[in-house]
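A.B. asks: No sequence on hand, only this structure:
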């Protein structure tokens, strides 16, 4: 046998149709997925705005505490209470909430198997 039979061509044609139908279903399913991820990313952006606000509040508090420390005497700063407050201020100054990363929208996979089957040689070149 040096070429596809009529039955082989029909079976491959049927498979091509099934592949295209499933590819269309997969591609259609990606549309709501992309919309859902876009909505999630909008929520993440709003969340990160609150994270930024929280970081600003902690920074403001750290700056206020630093101002209070600066107004105190060196003796007070070296004392037990002063040392504890300085340590706390250092923790506040170094505190930083990290933003949540946006979710990447996956790419639709390449679904061209039906086209590849269409281009398969149906006979040997002899």
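C.D. replies: Here it is on my side, so go on. Just so it is clear, the structure is predicted and the values come from calculations on it, not from any experiment. Numbers count the residues shown, from 1 in each chain.

A.B. asks: what comes up buried for the host helix or strand of residue 84?
C.D. replies: Using DSSP states H and E, residue 84 sits in helix 80-93. For helix 80-93, a neighbour-count test (16 or more other C-beta atoms under 10 Å) marks 82, 85-86, 89, 92 as buried. To be clear about C-beta, it is placed using only N, CA and C from the backbone, and glycine gets the same treatment.

A.B. asks: just stretch 5-18 next, same as before
C.D. replies: 12, 16.

A.B. asks: Quick check: mean pLDDT of stretch 43-56?
C.D. replies: Stretch 43-56 shows a mean pLDDT of 98.

A.B. asks: make that stretch 23-34, sorry
C.D. replies: 93.

A.B. asks: try stretch 99-115
C.D. replies: On average, stretch 99-115 scores 92.

A.B. asks: Need the contact partners of it.
C.D. replies: Applying C-beta atoms under 8 Å, 6 or more residues apart in numbering, the contact partners of stretch 99-115 are 15-17, 19-20, 22-23, 26-27, 30, 33-34, 37-38, 40-41, 44-45, 47-48, 51-52.

A.B. asks: Sitting in helices, which of the residues you listed do you find?
C.D. replies: Under the assignment DSSP state H, the contacts of stretch 99-115 contribute 15-17, 19-20, 22-23, 26-27, 30, 33-34, 37-38, 40-41, 44-45, 47-48, 51-52 to helices.

A.B. asks: List buried residues within those.
C.D. replies: 16, 19-20, 23, 37, 41, 44, 48.
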